[in-house]
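**Q** Just to be clear, the model below is a prediction. Sequence and coordinates:
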Amino acid sequence: SHEKFLVAALIVGVLIVAWSERRAGRDEDSRTTVAARLAASEGPPPDVVISELLASNRGGLRDEDGETPGWIELQNRGSAPVELEGWTLSDEVRRWDKWVLPSVVLDPQEFLVVFASGKDRRVVDQPLHTNFRLNDNGEFLGLFSPDGETHVSNAFFPRYPRQRANVAFGRGAGDSLTYL
């Protein structure tokens, strides 16, 4: 028989795992799936991360339609350019390939804003829009490398906290997660 486990918390890229004998023998649920994939994401910290998100955009950053949807900011923290084609963003634990990034190169230390508008726009050299919206009350949000079956770039699991209007949440000093 194979072991199943649950993730207790993911804090700034550190995975804390709690083993649960109660889960053994049950059908795999979404938390077990996430835990297995997060546990398989070994190696050095990822170069591309979700650096900030703003779920409750009330008149701040506007998209090309003049609307103010939530947004997700990606950052390449590495020293080499990264091709993002095939990387995915998702707000669903069970559907890691929900929104696939187009061919965009993120240079070292560069940022990319992706609107979480539900408009599903992936045109290169145009503003990008996911096919989902961010929940103000907090939810799962993950960024996955093209090999999303085994490598999670980073994720807010089980969820990012309740969001405040016009206050971003992300990586602050020392890479700690905080309201910005």
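**A** Yep, that arrived.

**Q** now the strands: where do they sit in this protein?
**A** 5-11, 14-19, 48-54, 70-76, 82-83, 88-90, 99-100, 105-106, 111-116, 128-129, 141-144, 152-156, 169-171, 177-179 (DSSP state E).

**Q** Which one, of those, ends up nearest to Gly60?
**A** Among those, the nearest to Gly60 by Cβ to Cβ is strand 48-54 (7.0 Å). Bear in mind the C-beta positions are built from the backbone N, C-alpha and C, glycine included.

**Q** Tell me which other helices or strands that closest one touches.
**A** strand 70-76, strand 141-144, strand 152-156, strand 169-171 (3 or more Cβ pairs under 8 Å, 6 or more residues apart in numbering; DSSP states H and E).

**Q** Now do the contacts for Arg122.
**A** 100-102, 128 (Cβ atoms under 8 Å, 6 or more residues apart in numbering).

**Q** please redo it, this time with the cut-off set to 6 Å
**A** Pro102 (Cβ atoms under 6 Å, 6 or more residues apart in numbering).

**Q** same deal with Glu52?
**A** With Cβ under 6 Å, 6+ apart, Glu52 has these contacts: 73, 168, 170.

**Q** So for it, what's the pLDDT?
**A** For Glu52, the model assigns a pLDDT of 95.

**Q** Show me what it is bridged to.
**A** Glu73, Gly170 (DSSP bridges).

**Q** Against Pro146, how distant is it?
**A** Per Cβ to Cβ, to the nearest Å, Glu52 is found 23 Å from Pro146.

**Q** Kindly report the same for Gly174.
**A** 29 Å.

**Q** Of those two, which one has the most company?
**A** The residue with more neighbours, out of Gly174 and Pro146, is Pro146; 15 against 7, by other Cβ atoms under 10 Å.

**Q** wait, isn't the more buried one in contact with Thr88?
**A** No. The pair Pro146 / Thr88 is not scored as a contact, 8.1 Å apart, by Cβ atoms under 6 Å.
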